[in-house]
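Trainee: Fold the following, please.
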Amino acid sequence: MREEKFTIVSNRPLTGSVYEMQLRGCTEGMDRPGQFVNIALPGLYLRRPISVCDVEDGLLTLVYKVVGKGTEQMAAMQGGDLNLLTGLGNGYSLEDAGDAPLLVGGGVGVPPLYGLARALRKTGREVQVILGFNTADEVFYEDRFRDLGCRTVVTTVDGSYGTKGFVTDAMDTAYSYFYACGPLPMLKAVYRKSVTEGAFSLEERMGCGFGACMGCSMETNAGPRRICKEGPVFRKEELPWQI
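Mentor: Alright, predicted model coming up:
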């Protein structure tokens, strides 16, 4: 964990409620896709944990959804500096991927999979991506994944764009390993549908963000684990979601 000052380079809406913020600063503490940062915001006591979308050449990309006071404050920022705790969480392991990994993201679970997809493509792997949203006006980053060379499928619950249905309706494909990030009901559905080993990135309300307060603990097959410290990424076999 490192505490660093970052400068806001850009902050723009991707959809009506989802924003992309790019910041410039020291990114040395972020060495694995799937990690997160904890942002201090003026006037708010607790920092806000935001998953890392991408890191490249000192530029940090965060994609977040406006859901409360903290993210509302972030959405209004157009410059200035932010204090971040960086390098938090254990992230995804590229070594498990095999030759043809499948990435499954739902809503704001999509962003951390972008950095993972870019890292996997750099190793020459054939990457498949399923992006799930409720409606067409919620879709973002489809073109970004395609530009990486990923075979990309978009699903919408109402059928207004792409394949109608849930991400699991598009999982009938061959893959060597899977990575998933999104809301808990989606993750459990992916768990049930999956036919290989895989890894899940989980979300939980956090206090400190680095393992001291125990506020984000959850039960696993190995006992209680902190999502901010031992997670947010857990292997399939660690999770007590057996059918």
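
Trainee: Leu239 - how many residues pack around it?
Mentor: Neighbours of Leu239 under the rule other C-beta atoms under 10 Å: 19. For the C-beta atoms, the positions are set from N, CA and C on the backbone; glycine is no exception.

Trainee: now Cys53: how far from Met218?
Mentor: Applying C-beta to C-beta, to the nearest Å, the value for Cys53 to Met218 is 24 Å.

Trainee: measure Glu203 to Val37 for me?
Mentor: According to C-beta to C-beta, Glu203 stands 14 Å off from Val37.

Trainee: Show me which of the two is the more surrounded one.
Mentor: Comparing Glu203 with Val37 by other C-beta under 10 Å, the one with more neighbours is Val37, at 27 against 19.

Trainee: tell me the contacts of Ser176?
Mentor: Residues in contact with Ser176, defined by C-beta atoms under 8 Å, 6 or more residues apart in numbering, are 97-101, 196.

Trainee: Next: Met171.
Mentor: Taking C-beta under 8 Å, 6+ apart, we find Met171 in contact with 102, 104, 130, 190, 193-194.

Trainee: so of the residues you listed, which ones are in helices?
Mentor: Among these, the members found in helices (DSSP state H) are 190, 193.

Trainee: Tabulate the contacts of Met171 in CSV, adding columns for distance to Ala117, pLDDT and neighbour count.
Mentor: Output for the contacts of Met171, formatted as CSV (distance: C-beta to C-beta, whole Å; pLDDT from 0 to 100; neighbours: other C-beta atoms under 10 Å):
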residue, distance to Ala117, pLDDT, neighbour count
Leu102, 11, 98, 25
Val104, 12, 98, 32
Ile130, 12, 98, 28
Val190, 17, 97, 27
Lys193, 20, 96, 16
Ser194, 18, 97, 19
